[in-house]
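>>> coords please:
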Amino acid sequence: MENNGKVKVSKYTIMYEETPVLLFDRKADAVTVYEPKYLPFALRRLEIIRPVDAFEWITNRIDNAQRTYMNMVYIARKVGRDRDKMIKDSSGISFTDNFWLKTSDTNHTWNELNSLRDKSRELSLYALTGKSDNPAALLSGHTSLFTTKGFFTKAIIGENLVKLREDAVLEYPAYLFGKQIGVTVAKCEFDGDFVNIRLFTSNDVSLVHAAELKRYFDTDEEIYNEFKRNGRDDIAGQIERMYIFNYLIGNPDMHDENTGVLYDAKTFEFISLAPCFDHNIAFNEEFMGVSHATKGRSSLLPLDEWSKRFIKNHPDILEKLKTVDYTEIKKYMPKERFTEFQERIKEMLSAKV
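The predicted model follows:
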C-alpha cells in the first residue's frame, strides 16, 4: 500500500505490556479485538470498533509536530514527518501508560521498550535545547518524545518531566500555592535552567486524559458530570478543587489534554483525579475567569462561575486562603499579575457561600 511513494505500514497491533489487544489491518480495513479487558478507554465501551476508531486512536498517539525542536528530533531519529516511521521508531510508548504499538515489521518486546524508555539523556536535552555534541547518541534507546504532547519543549529525564525554566517558571509558584491550600499539584522544583516536574505515573498507575475519557463516556460534557452520575463523588470533589485552584491562579489553559484521571494499570479501575499539571501560562494577565475546554477549539470553561459555586463544598480551602504565605510565590511574576492573583483570592473569600 503506497502513498506518495512511501510504503505504509499494513498492520498495527495495539499492545498492552506483553499482551496483544487489538489488530488494525490497514490494507484490509479491518479490526480484530484480542483482549477486550485491556482496550484503551476511547475504545472500551464501543459495541463495534470500526477501523476508523482504531486508526484515530493510533494517530492521536503521535501528535506534537508543532513543538519547538521536534522537527530536529524527527530528523535526528531519521523519521522525518512520516507518522509510520515515528511509530516504528518509538513504538508509540508513553510515560503516561503501558500501551504501545507493534507494526507488521517490528519485533520489540515490552521489557525491552520499558527498560530503554527515555534512557538517552543526550536525546532529552536535544529536545529541550536543540543542541547536541554527539549526534550518534541521539539514535540510542527508545523515546516517549513522540507521544508527549503540548506546545512547550519538554522531555523525560529520570523521574521527572523536564521543561525549560524560561518557559515554565510559573509552574513553581503554582505548585507552592496549591501545596498551601491543600490542592494536589504535581511536585515541582528548579534545576538550573530547567524545571523538574515529578512524574505521578508508573508501571502500576497510569493516566487517561479528559479528552479520551469524554470518548469513553460518550459525552461532550465535562467529565465532572459523569463522575457525579456514576457515584464517584471522591473524584468529582477533586475536580471541584481543581476548578477552584485553576481559577485562583488565572490559568486559561486547563483544557482536556491538561487534565486527567489516574487508574490502576492492572485493573483499569479509576483511582483519583491526576495532580494538577501544566501551568506554563498561569497567572495570566487580565485573566477573564475562563479556560479553554478542548484543545484547539473555541469552547470555554467558566472557571469563575464554577469556583464560586463549588467553594462552599471546600471550607478548608477558604480557611487556608486566609493564611497563604506569598513571600516566595510573588518572586516569580510581575507585580501586576501578582496583584490580580491576590484580587481573585479576596473575591473568593468574600463570596457568599
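
>>> Who are the contact partners of the nearest residue to I239 once chain neighbours are set aside?
Excluding the flanking residues, the one nearest I239 by Cβ to Cβ, 6 or more residues apart in numbering is Y224, at 4.6 Å. The C-beta positions use only the backbone N, C-alpha and C, and glycine is treated the same way. If a contact means Cβ atoms under 8 Å, 6 or more residues apart in numbering, then Y224 has 236, 239-240 as its contacts.

>>> which one among the residues you listed gets closest to M15?
Distance ranking of the contacts of Y224 against M15, using Cβ to Cβ, places I239 first at 30.9 Å.

>>> I'd say the closest one and L273 touch.
Yes. With contacts counted by Cβ atoms under 8 Å, I239 reaches L273, the gap being 5.8 Å.

>>> So for those two, which residue has more residues nearby?
The neighbour comparison of I239 against L273 (other Cβ atoms under 10 Å) goes to L273, with 25 against 22.

>>> gap between F41 and N203?
Distance, F41 to N203, using Cβ to Cβ, to the nearest Å: 18 Å.

>>> Mind checking which of the two has more residues around it?
Neighbours per residue, other Cβ under 10 Å: of F41 and N203, the larger number sits with F41, 21 against 12.

>>> residues in contact with the residue nearest to the more buried one when sequence neighbours are not counted?
Distances taken as Cβ to Cβ, 6+ apart put Y216 closest to F41, at 4.1 Å, once the chain neighbours are dropped. Y216 makes contacts with 41-42, 44-45, 208, as judged by Cβ under 8 Å, 6+ apart.

>>> did I read that right, Y216 in a helix?
Yes. Y216: assigned to a helix according to DSSP: H, G, I helix; E, B strand; the rest coil.

>>> how near is it to L39?
Y216 is 10 Å from L39, by Cβ to Cβ.

>>> what does R198 give?
29 Å.

>>> of the two, who's got more company?
The neighbour count for R198 versus L39, taken as other Cβ under 10 Å, is higher for L39 (23 against 14).

>>> now the one helix or strand L262 maps to: how far from the chain's centre is it?
Per DSSP states H and E, L262 falls inside strand 260-264. Remark: strand 260-264 is offset 11 Å from the chain centroid, using Cα atoms, centre = their mean, to the nearest Å.

>>> Let the chain start at 32 from now.
Okay, residue one is now 32; in that scheme the one you just asked about reads as strand 291-295.

>>> Parallel or antiparallel, list what pairs with the helix or strand following it.
Next in sequence after strand 291-295, counting helices and strands by DSSP H and E, comes strand 301-304. Strand 301-304 has the following strand partners under DSSP bridges: strand 291-295 (antiparallel).

>>> low-scoring stretches of the stretch 82-231 of the chain, by residue?
Residues of the stretch 82-231 of the chain meeting the criterion pLDDT under 70: 96.

>>> quick one: the strands in it?
Taking DSSP state E, counting those that start in this stretch, the strands of the stretch 82-231 of the chain run over residues 130-134, 185-188, 191-195, 219-222, 225-229.

>>> outside of stretch 142-156, which residues touch it?
Contacts of stretch 142-156 (Cβ under 8 Å, 6+ apart): 49, 104, 107, 122, 124, 126, 131, 162-163, 165, 168-169, 171-176, 186-188, 193, 234.

>>> mind running it again at 6 Å?
Here stretch 142-156 makes contact (Cβ atoms under 6 Å, 6 or more residues apart in numbering) with 122, 124, 131, 165, 168-169, 171-175, 186-188.

>>> which two from these end up farthest apart in space?
Farthest pair in the contacts of stretch 142-156 (Cβ to Cβ) is W131 and N165. Separation: 26.8 Å.

>>> and the two? which has more neighbours close in?
Per other Cβ under 10 Å, whichever of W131 and N165 has more neighbours is W131, with 26 against 11.

>>> Thought I124 was touching that one, still the case?
Yes. Applying Cβ atoms under 6 Å as the test, W131 and I124 come out as touching, 4.9 Å apart.

>>> Any idea how far apart the tips of stretch 53-66 sit?
7 Å (Cα to Cα, to the nearest Å).
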